[in-house]
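[1] here is my input; please provide its structure:
(one chain, ligands or ions: 1)
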Amino acid sequence: MLAQPTAHLLHAPRHQRRCRPLPARLAPARFPYFLCILLVAVLLQHPASALARDPSVLDGLALAQRGVSANLCALTFDDGPGQTTEALLDILRDKGVRGTFFVVGSRVHRYPETLKRLVAEGNEVGNHTFTHVSLRQRQPVEQLSEIARTNGELAKLGIVPRYLRPPYGRYDNATIDAAAAQGMTIALWSVDSRDWRKHDLAAVLPRKVYGVLGVRGVFLFHDNHRETVEALPNLIDRLSEAGCTFVTMSEYVETSGPLCLH
Ligand SMILES: [Zn+2]
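    Below you'll find the model as predicted:
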């Protein structure tokens, strides 16, 4: 069974929402109207977000509602570790920025030193399944195996991930349950860099994330594209100039609760 549309959450009774009031400076009378436009735009960009049935899932909508108070920006990198991970780590270290890497479990044993460095430098590790399969509509036992095997590989390095990012953003109720059984929450993204399309990221991305709330969000990149490595230094500079405060995924989620939309 697929989840309820996320739009349902926007109209849920007040007592069902756990949210914080808007900061006073962001709450003029017409603000909710603009916020709705922004959130609809996010949903249209990320159809997978519309599958959320459980408020514990950090889908595009849930993430877009967070991180406002300080224009938080979480840079996340999927599909590693790989040959470009060290270069990404060099850039993050040089820029004084920490990121979050959603790793594929079957690759972890090939890059133990990279994973150790990644954590030692303050970056966060998330689970991106063991073989990068689409989890949606797979048997629950298979989904649990994909998640647990990756956690097993990471445990050998002393790493315990808090978040699962299902490949392609595809999940169902069994995925939510399997993640919870492993002590994790599903976390997607709110801004897709579309780096897999090999666009000029530095030219495209900043324009897309400007809005009434400023530059912020959970940014999706991939760990295996040379274009991402080449564009990242300039991109970080531009996001920083636009007001980003860079945080890890956990910090993004913990620092600011969801907004009230009423
Ligand atoms: Zn992926």
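[2] contacts and neighbour counts: CA atoms only from here.
    Fine.
[3] for the closest residue to the ion within the stretch 151-262 of the chain, give me the pLDDT.
    Among the residues of the stretch 151-262 of the chain, Pro167 lies closest to the ion, at 4.5 Å counting by CA to the ion. Listed pLDDT for Pro167 reads 98.
[4] the one 4 residues further on too?
    The confidence metric pLDDT takes the value 96 at Tyr171.
[5] run a quick neighbour tally on it.
    Neighbour count for Tyr171, taken as other CA atoms under 10 Å: 24.
[6] give me the number of residues near the residue of the stretch 151-262 of the chain closest to the ion?
    Applying other CA under 10 Å, we find 21 other residues in the vicinity of Pro167.
[7] same check on Ser250?
    Per other CA under 10 Å, the neighbour tally for Ser250 reads 16.
[8] check which residues of the host helix or strand of it are buried.
    Assessed by DSSP states H and E, Ser250 sits inside helix 249-255. Across helix 249-255, burial judged by 16 or more other CA atoms under 10 Å covers Met249, Ser250, Tyr252, Val253.
[9] the residue of the stretch 151-262 of the chain closest to the ion touches Arg136, doesn't it?
    No - counting by CA atoms under 8 Å, Pro167 does not reach Arg136; the two are 9.5 Å apart.
[10] and the stretch 151-262 of the chain, which residues reach the ion?
    Pro167 (CA under 5 Å from the ion).
[11] mind doing that once more with 8 Å?
    Pro166, Pro167, Tyr168, His222 (CA under 8 Å from the ion).
[12] so what's Pro140 up against?
    Ala174, Thr175, Ala178 (CA atoms under 8 Å, 6 or more residues apart in numbering).
[13] neighbour-wise, give me the winner out of the residues you listed.
    Most surrounded of these: other CA under 10 Å gives Thr175, at 26 neighbours.
[14] correct me if wrong: it contacts Arg136.
    Yes - the pair Thr175 and Arg136 qualifies as a contact (CA under 8 Å) at a distance of 7.3 Å.
[15] measure the most centrally placed residue in the chain to Gln182 for me?
    The centroid of the chain falls nearest to Trp189 when counting by CA atoms, centre = their mean (3.6 Å). Going from Trp189 to Gln182 by CA to CA, to the nearest Å gives 21 Å.
[16] can you list the residues of the stretch 1-150 of the chain near the ion?
    Within reach of the ion by CA under 8 Å from the ion, the stretch 1-150 of the chain has these residues: Asp78, Asp79, Val104, His128, His132.
[17] who's in contact with the last one?
    Listed by CA under 8 Å, 6+ apart, the contact partners of His132 are Asp79, Val104, Pro167.
[18] so of the residues you listed, which ones are in strands?
    Assignment to strands by DSSP state E places none of the contacts of His132 there.
[19] for the helix or strand hosting Ala180, name the packing helices and strands.
    Ala180 belongs to helix 173-181 when assigned by DSSP H and E. Here helix 173-181 touches helix 140-155, strand 185-186, going by 3 or more CA pairs under 8 Å, 6 or more residues apart in numbering; DSSP states H and E.
[20] now the first one: buried residues?
    Right, helix 140-155. Buried residues in helix 140-155, counted by 16+ other CA under 10 Å: Pro140, Gln143, Leu144, Glu146, Ile147, Ala148, Arg149, Thr150, Asn151, Glu153, Leu154.
[21] can I get those residues in a markdown table including pLDDT?
    Shown next, in a markdown table, are the buried residues of helix 140-155 (pLDDT from 0 to 100):
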| residue | pLDDT |
| --- | --- |
| Pro140 | 97 |
| Gln143 | 98 |
| Leu144 | 98 |
| Glu146 | 98 |
| Ile147 | 98 |
| Ala148 | 98 |
| Arg149 | 98 |
| Thr150 | 98 |
| Asn151 | 98 |
| Glu153 | 98 |
| Leu154 | 98 |
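[22] cool, thanks, signing off.
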